[in-house]
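Engineer: coordinates for the following, if possible.
(chains A and B)
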Amino acid sequence: MKLRWLIVLALVVSARVLAEESTPLPEDPMAGARLFQQKGCVRCHAVGEEESKLGPNLGRIHRRGSLLDVAGAMWNHAPMMHERMAELHIKPPQLTSQEMANLIAFLTAYQYYLTQVGKPGDPDKGREVFAAKNCAKCHSLQSEADFEKIGPSLRGYAKLSPIQIAQAMWNHGPAMAEEFHRLGLGQPKFTNDEMAGLLAYLQRAAAPAGAEPVYVQPGSPNRGRILFEQKGCALCHAIRGVGGLPDVPDLGKRREELVRSVTEVAGFMWNHGVAMWDKMRERQVPAVKFEKNEMADIISYLYFINYFDKPGDPARGITLFARKGCAQCHAVTPGTKSLGPNLSTAAGVGSPIEIIAAMWNHAQAMEPAMRAKGVPWPKFEPGEMTDVIEFIYMVRERPVTTGTGKK
Amino acid sequence: MNETADKSWRVNRRQFLKFAAFTGAGITLGKYLRDYALKHEVFRQRWGEGPGLETFALSTCRQCPAGCGLRVRLVDGDAKKLDGNPLCPIARGTTCPKGQAGLQVLYNPDRLLGPVRRIGKRGEGQWERISWKDALAEVQSKLSALRTAGNPHSVAWIAERNDAMQGQLIRRFMQAYGSPNLFEFVDSRDASARAAMKLCQGVDEFPAYDLENTNYILSFSTPLLESWLSPTWLARQYGHLHRGRAEHRSRFVQVESRLSPTAVKADEWIPVNPGTEAVLVLAIAHVLIREDLYDRAFVADHTTGFDGDEGFSTLVLRDYAPDDVAQPTGVPVTTILRLAREFSTNKPAVALGEQVPLSGGVALAWAVQALNALNGMVDRTGGLLTQRPLPLKPLPEFTPDDVAQRGLKTPAFAKSLAVLADAQPAALFVSSSRLFAVAPEAGRFFAATEKIPFIVSFSAALDDSAVFADLILPDHSPLEKWQDAAPLPVNGRPVWAVSPPALVPMLDTRHTGEVVLELGRNLGAFPWKDFTEVLRFAAEGLFEARRGIPFTTPYESAWTNQLETGGWWMPSANTFDEFWEQLLKAGGWSDPIYNYEQWRRVLRTASGKFEFGASPKFQPPQWTADEGEFPLKLKVFTTLTTGGVEDPNQPFLLETLGPHVHARWEDWVELNPKTASGLGIANGDAVWLETPLGKLRLRAYVFAGALPDIASVLIGQEHRAGGEFVKKVARGVADMVVYRPDSTDTPLAATTRVRITKATGGA
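Structural biologist: Coordinates of the predicted model:
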């Protein structure tokens, strides 16, 4: 009976969550990686361990922002970028709104894929974790047939992608929890980079000699969102106040825990698994298991939960519009002429992404005009662009429901 | 049919004879005219005759085993210029001088126009053109006869070691035919380094080095900037280590008994007596242990044989104290101490000990491996790496028939050139002639070929193997054929270059891979129609491996590396056909990641640890001949433009034989000023260099970079044939090196004493 109610509740929550975000999450954040090269961004920006070029190395930029925050950061660096590009006779790249969406999705995902995940764990630390968390009580590192061990040998897991190991741990979690109870051991918990270290140690100590690493494709936030519904996660977990149960954490408010490396997120999920599995048993909800690439999709979704901004404040937007000097060039009253386009009637600004793309593309022409008028280049702090865009929608006399342009 | 028409088809005797005579004359004349036309068509100047349509094609350089990607500029279909393929991770758009000269292999005027058969005595140079059909029939007939007689093992094959598909086909052919006598050699690597890897790590592969990420290179006579590994890759690494990293400049120390071009470019040159490098390495190890500068954790966790009465530390502390070693090596104690301290405190640091040509011996290679292990630099960032496997699809399972299995069980004799020659195989196939120009036992081999009844060469021109071949089945020029290359270990990352022909073959030549397929088809060894199918088959393994990426930009390589570090991978193609197209468009495939500290992968000894205890017995260099009669020691070297070159008949290379001494189109001997003065020899004099095996006239180059009592001579120009250009220079020293192998049958570099006397007249 309880289960039936929970299913009904899940469907209602699904409908609410899906309706809330009419702009779909990125299907493939990697599309922007190719764009980053095609548009020539790589001429100035290095990735990963590549040696630094003219611009900052993306691997060293740590920005955990929403879509509009990332856009704001791109906008802020436009004048400096144009100067350097002019020196090098490079034409600034023009971006369509779709390209802008892909690029921002890539830049958002970049930390998820690279700057966090890209740092391999410390195997020496992992060895200590393996001992301290009692892993060796149940798992052998070498032998496939160690009958004294309750758990499977970790030999076969050692070359798997971290996300696959995290998925295997998650799937075996309830059974493992029972064994921990039976053996009188406390469920191990992982903090910070302990999980990464453990996986690195497994690779070093347990991988068969000739084995090559097994990789998986990066997750899709959009597929992850659908899975979040289908697997029933949304039954208990709210996303930014939508759905969920009152005594279960709202994942939209757990940005700090979720915007970390995959292994850290997996560790976080594992840690909260103990309580979760108990609750699920209590409520007769079957344990959630993931297969194939599903864990990658789910974690990708968790990473993108705060991708869309909360609704901006048009009142703050008015102030910002004036303070940042936008009003000196852009009229916001229909029929009024201005140096720049009248934002109340200008075409091609139907969504925040379109606005960002338009701003980016006209920044090169705008910068000398502003200099001529003695207006400093406006810079946006996190959250400010949301407010300004909300204000623009207001003056265009359209109903605005969210900061991402839901009308 | 009417009567007139019917009559017109009647042939009387006169008409028949006329027809037969004209046809015969036509065929005979046609053959000569074809050859004449081919030669003149190929090599005539064609500038400006066509519309000047410029196109580009990708290819793979085969001037040395590095297999750098090439970008060929074609005008109206004719190859005009070679540059590096910018997407190739080894070349990154660059070529070395050998790569630039590659067009001269294509346009070598001494290329064979088609298959030829010897008609005079061996070495007389008398040949007749034959058709491919006749040539292959002759080979098949000989092979069948030997197999029918139950002697497949009497067939031997000399080939350059090649893990690419042509090399694999030759191995499979020999397996299917039933002979264990495939002799594979490597020119640009020191075989002892591979032997040491086997001894210490249980890995049967050449070592790889993480030069890109190292802080300190301690090289023992390794020709880092000359004829080792890939010149383009090494030149790029050299630049990167010195200028490519902000606030970070690596140090490079070259220990060598000659101021070589590598030593000149190093931050420091440490002169050392030839043949004593291993002693110096162990003295440095002595200091590391004595001063507790070694990596205790690594040694405790990942090595064996370090402690104990017969352990490495005991041996080194007992026998290799710097005070004892300074005199024999010629390196002062203070320098030894400083090198040890620098090496251990500037990590990541790596020691190199590959001497090519010839070898420093397995003792040196082992000592260098041990030094790296002592410093904890095995499979660590900036250290000594182990090549990751290239996931080409393995050839299908094959069970040789009974005849072959019996043949394969016979003891193999193709262990070295000298042993092979002494065994007198019934038939010998030679698919690379390079070895004959550098191997000291080549003279002995050539003498023994008289007794080998049937020799087939695949050379494109009348080169060294043509001296003794009975039949030559000329291969295409590299630019004219489907190619793949699996470069020898460089930085541990797997790379596979693949490219279609950049232009249509100009002569009546044939891809050696196709010939091997043809020969092996009757044995059921090859299910493929042609060599292209073989390459596609191999590439399926790359597609199925779900890692790596077709050659791409540095950005995408870095991006792929980063993704794989996190356990991610993005497919570049959804289908194999799409993937194959990408490979051809890019010129190959690579996997840019290297996972460090994978001890179970790289330490494959029985103990699963690095084995210090596997030390070969070290012996001081044994110089041949009497010191009184031959007072100087011979040091041999190759230069960048001679190392690894298969076809030496290239004017560009001969023009730049020794740029560091301005030597062009000639061999020379480098002498120390004091030594030269004592012999009454001035710079530029003609001199005779004599060893117990013969004498050679050379020009003397006197400079302070040569150590006293050492005569340094270029090796690799010992060509007995090879075309109109190279024969002006060919008079190398290889035949005069006294052959003395080490415990692994590897010819040692430090063996031969020489005498230098002034010759009359100019050089």
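
Engineer: every contact and neighbour count from this point should use C-alpha atoms.
Structural biologist: Fine.

Engineer: from residue B:472, how far out is residue B:129?
Structural biologist: As judged by CA to CA, to the nearest Å, residue B:129 and residue B:472 stand 10 Å apart.

Engineer: shaky segments in the chain?
Structural biologist: By default, I'm working from chain A. Residue ranges of chain A with pLDDT under 70: A:1-24, A:48-65, A:111-119, A:143-148, A:255-256, A:309, A:397-407.

Engineer: meant chain B actually
Structural biologist: Counting by pLDDT under 70, chain B contains low-confidence ranges at B:1-11, B:15-16, B:19-20, B:22-48, B:617-618, B:730, B:761-763.

Engineer: let me see the domain layout of it.
Structural biologist: Domain ranges of chain B: B:3-42, B:116-187+B:407-590, B:207-386, B:632-758, per automatic domain parsing.

Engineer: so which of those domains gets nearest chain A?
Structural biologist: Proximity to chain A, assessed across the domains of chain B by CA to the nearest CA, is greatest for domain B:116-187+B:407-590 (4.4 Å).

Engineer: quick one: the closest one to chain centroid distance?
Structural biologist: Mean-position distance between domain B:116-187+B:407-590 and its chain equals 13 Å (CA atoms, centre = their mean, to the nearest Å).

Engineer: out of the domains of chain B, flag the one nearest residue A:223.
Structural biologist: For residue A:223, the closest of the domains of chain B is domain B:116-187+B:407-590, at 16.5 Å, according to CA to CA.

Engineer: what is the end-to-end distance of that closest one?
Structural biologist: One end of domain B:116-187+B:407-590 to the other measures 39 Å (CA to CA).

Engineer: likewise stretch A:180-197?
Structural biologist: Using CA to CA, the end-to-end distance of stretch A:180-197 comes out at 22 Å.

Engineer: same question, stretch B:197-216
Structural biologist: Start and end residues of stretch B:197-216 are separated by 21 Å (CA to CA).

Engineer: what residues of it count as buried?
Structural biologist: Along stretch B:197-216, these residues count as buried under the neighbour rule (16 or more other CA atoms under 10 Å in any protein chain shown): B:197-203, B:205-216.

Engineer: right, is it up against chain A?
Structural biologist: No: using CA under 8 Å from any CA of the partner chain, we find that stretch B:197-216 stays clear of chain A, coming within 10.8 Å at best.

Engineer: tally of neighbours for the residue in the stretch 51-200 of chain A that chain B sits nearest to?
Structural biologist: At 4.4 Å from chain B, residue A:161 is the closest residue in the stretch 51-200 of chain A, using CA to the nearest CA. Around residue A:161 sit 23 other residues, with neighbours defined as other CA atoms under 10 Å in any protein chain shown.

Engineer: what's the closest non-adjacent residue to it?
Structural biologist: Of all residues not flanking residue A:161 in the chain, residue B:567 sits nearest, at 4.4 Å (CA to CA, 6 or more residues apart in numbering or on different chains).

Engineer: got a list of what the one you found touches?
Structural biologist: Contacts here follow CA atoms under 8 Å, 6 or more residues apart in numbering or on different chains; on that basis residue B:567 touches A:160, A:161, A:162, A:163, A:213, A:214, A:215, A:216.

Engineer: buried subset of these?
Structural biologist: Neighbour counting over those (16+ other CA under 10 Å) leaves A:160, A:161, A:162, A:163, A:213, A:214, A:215, A:216 as the buried ones.
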